[in-house]
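> Pasted the sequence and its predicted model underneath.
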Amino acid sequence: MAEQKPQVQCRVRVTRGEDIALGPGKMQLLAAIGAAGSISGAAREMQMSYRRAWLLVETMNSCFLAPLVETATGGRAGGGAQLTVEGQKVLEGYEAMMQDVERVAQRHLDKLLSNSPLAPKTGVAKAPDESN
């Protein structure tokens with residue numbers, strides 16, 4: 001079996017002071033809210049509590065001048081949540097940024113490994129040589 005080429009895995013977080021405004025989990029939550037039409041539905045899909053999802057949305061909304069998620073109070077028509085135009089732009093922009101980041105990082109990794117290759121992967125961890 002041929003060994004797979006090493007791949008870069010980048011996780012980018014955008015902070016504002018102590019708050020994490022954007023990151024992979026928050027972007028996954030935004031996408032899930034867009035698909036589910038509610039914070040509770042997105043939370044269920046992501047197997048997180050509604051409270052945790054709500055707090056993440058509050059953090060994102062407070063970090064931007066315009067909210068990323070709008071909520072509607074429940075009742076006869078039902079509640080729900082949707083991405084604002086700004087939220088959709090941020091989600092798309094983050095995804096585009098991550099594609100660029102990973103492309104650049106992979107290029108750097110390829111250059112690094114051309115000079116200093118990784119050892120082949122084996123099934124058993126190699127014990128350090130203590131004879132020296």
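Cool, the structure landed.

> residue ranges with poor pLDDT in this protein?
By pLDDT under 70, the weakly predicted segments of the chain are 1-3, 74-78, 123-132.

> Quick check: chain neighbours aside, which residue is closest to the most centrally placed residue in the chain?
Nearest to the geometric centre of the chain sits residue 24, at 1.1 Å (C-alpha atoms, centre = their mean). Of all residues not flanking residue 24 in the chain, residue 11 sits nearest, at 5.5 Å (C-beta to C-beta, 6 or more residues apart in numbering). No exception for glycine: its C-beta is placed from N, CA and C like everyone else's.

> Please look at that neighbour and residue 25 and confirm they touch.
No. In this structure residue 11 lies outside contact range of residue 25 using C-beta atoms under 8 Å: 9.4 Å.

> So for the two, which sits in the more crowded spot?
residue 25 (15 against 9; other C-beta atoms under 10 Å).

> Quick check: the more buried one vs residue 83, distance?
Counting by C-beta to C-beta, to the nearest Å, the gap from residue 25 to residue 83 is 16 Å.
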